[in-house]
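Enquirer: Mind folding the following:
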Amino acid sequence: MFKPSYNIDFDNNKLSGKTSWKSPSNIALIKYWGKKDLQTPMNPSLSLTLNDCHTITDVSYNLNSNGFKYEFFFENKLKPDFNKKLDIFFSRILDYFPFLNKVFLKINSTNTFPHSSGIASSASAFSSLALCLVDIEKSITVSNDFHNKASFISRLGSGSASRSIFGPAAMWGKTNLIANSNDYYSIPFKLSNFFKEYHDTILIIDESSKSVSSSLGHDLVKNHQFKSNRINQVNLNLKKLIKSIDENDKNEFSKIIENEALTLHAMMLTSNPSFILFKPNTINIINKVWDFRKSNDTSLCFTLDAGANVHLLYHKNDYKSVQDFIKNELLSYCFNGKYINDKVGAGPEKINLK
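Expert: Below you'll find the predicted structure:
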């Protein structure tokens, strides 16, 4: 675990520059739902790293005699509405980056996917910002464990962001099944070549903001009547999922991740107060996927995040048949026929600035 640093001196001449990182979103197979303390998970989670759905964050920094200040721009437009979340984030990380107390940051983020599209924009946004901050630290002082620290810092903005630091898959949360797993930062998960060739098509069912935020949903798990059962279930599912990945067992893989997705929403339905994030067309698509799988030897399966939109996961060999299935039978359930095609990716990249 990383320790706060309070008394590190920097050469002020180095406190000026710019860095840029591209970081992807991710889709959890084993779901993270519920927190123990400051952004640490109630249970371990395992995710696939996406390739095309990512955030690019540029950070310029300059010496500032008035202490730490920042401005945040989204797609080159000043967005003070984001400052509430960013203020919380920076209050959590200042002790880990003493140089921040001497600089003014100009932050600009751009997404390759639309907001409220069923893709975790907080994961790609906070991970790309964290990578920029660790990169700045590296340029002015000795910095070890670059990616681990970036994951640790990402977690303090968004728990799932910690997983976006690694591709093609990442594990977050302590489990006896995976060496070096911990609650404070994610680690890379070895994915078989078969599952590295999986695609993720996101069907956009609802573009509106969620009626209940993920933060509130996580809080409701603390006193949930099924909390203990859920922890037992997730550890069993994780063990089965790892085995299915090792053995390239697409059928067992599908069964487990669909069970995880439905359990996530069952936890919401049985919270106190309870809430529902899926829509009627979410259920319609799930039933269509099940029908399609009964009559086809396919890798196609679904998962859900904390929202209404459906992620279809499938091997590249099934790409044509699944795309035809989407166009012929599923588009009518999508908002304005919208969907996004993506696939498993390798993880973040630094953007070379000219």
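Enquirer: switch to C-alpha atoms for all contacts and neighbour counts from now on
Expert: Fine.
Enquirer: So what touches the helix-or-strand element of the chain with minimal mean pLDDT?
Expert: Here the helix or strand of the chain ranked lowest by mean pLDDT, DSSP states H and E is helix 214-220, holding a mean of 90. Residues from elsewhere that reach helix 214-220, judged by Cα atoms under 8 Å, 6 or more residues apart in numbering: Trp33, Gly34, Lys35, Met268, Ser271, Asn272, Pro273, Ala306.
Enquirer: quick one, helices of the stretch 201-350 of the chain?
Expert: Counting by DSSP state H, counting those that start in this stretch, the stretch 201-350 of the chain has helices at residues 214-220, 227-246, 250-269, 280-294, 319-325.
Enquirer: so of the ones you listed, which one's packed in deepest?
Expert: helix 250-269 (a mean of 18; mean count of other Cα atoms under 10 Å).
Enquirer: if I've got this straight, Ser109 is in a strand?
Expert: Yes: assessed with DSSP: H, G, I helix; E, B strand; the rest coil, Ser109 lies in a strand.
Enquirer: Can you tell me how far it is from Gln323?
Expert: Noted for Ser109: a distance of 31 Å to Gln323, by Cα to Cα, to the nearest Å.
Enquirer: What of Glu71?
Expert: Noted for Glu71: a distance of 42 Å to Gln323, by Cα to Cα.
Enquirer: which stretch among the helices of the stretch 201-350 of the chain comes nearest Cys301?
Expert: Of all the helices of the stretch 201-350 of the chain, it is helix 250-269 that lies closest to Cys301, at 5.4 Å by Cα to Cα.
Enquirer: Helix 280-294 and that closest one, what's the angle between them?
Expert: Helix 250-269 and helix 280-294 are oriented at 160 degrees to each other (axes from the mean of the first three to the mean of the last three Cα atoms, to 10 degrees).
Enquirer: Just want the angle from helix 250-269 to helix 227-246.
Expert: Between helix 250-269 and helix 227-246, the angle comes out at 160 degrees (the same axes, to 10 degrees).
Enquirer: helices or strands up against helix 250-269?
Expert: strand 17-30, helix 227-246, strand 301-304 (3 or more Cα pairs under 8 Å, 6 or more residues apart in numbering; DSSP states H and E).
Enquirer: ok, and what's touching it?
Expert: Here helix 250-269 has contacts from 29-31, 33, 217, 221, 226, 234, 237, 240-241, 244-245, 274-278, 299-306, using Cα under 8 Å, 6+ apart.
Enquirer: For ChimeraX, write a command that selects the buried ones of these.
Expert: The buried residues among those can be selected in ChimeraX (16 or more other Cα atoms under 10 Å) with this line:
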select :29,30,31,33,217,221,234,237,241,244,245,275,276,277,278,299,300,301,302,303,304,305,306
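Enquirer: Dump the C-alpha coordinates for stretch 288-295 into CSV.
Expert: Output of stretch 288-295 as CSV, limited to C-alpha atoms (Å, rounded to 0.1, in the frame of the first residue of the first chain):
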residue,chain,number,x,y,z
LYS,A,288,-33.9,-12.6,-26.9
VAL,A,289,-30.3,-13.5,-26.0
TRP,A,290,-31.5,-16.7,-24.2
ASP,A,291,-33.6,-17.7,-27.1
PHE,A,292,-30.8,-17.1,-29.6
ARG,A,293,-28.4,-19.2,-27.6
LYS,A,294,-30.9,-22.1,-27.4
SER,A,295,-30.9,-22.4,-31.2
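Enquirer: Give me the contact list for it.
Expert: Identification of contacts with stretch 288-295 by Cα under 8 Å, 6+ apart yields Leu300, Cys301, Phe302, Glu329, Leu330.
Enquirer: any idea how far the third one lies from Ile136?
Expert: For Phe302, the distance to Ile136 under the criterion Cα to Cα works out to 39 Å.
Enquirer: helix/strand/coil for Tyr185?
Expert: Here Tyr185 is coil, with the state taken from three-state DSSP.
Enquirer: how much space between it and Ala170?
Expert: Applying Cα to Cα, the value for Tyr185 to Ala170 is 10 Å.
Enquirer: between these two, which one's more packed in?
Expert: A direct count of neighbours by other Cα atoms under 10 Å for Tyr185 and Ala170 places Tyr185 higher, at 28 against 24.
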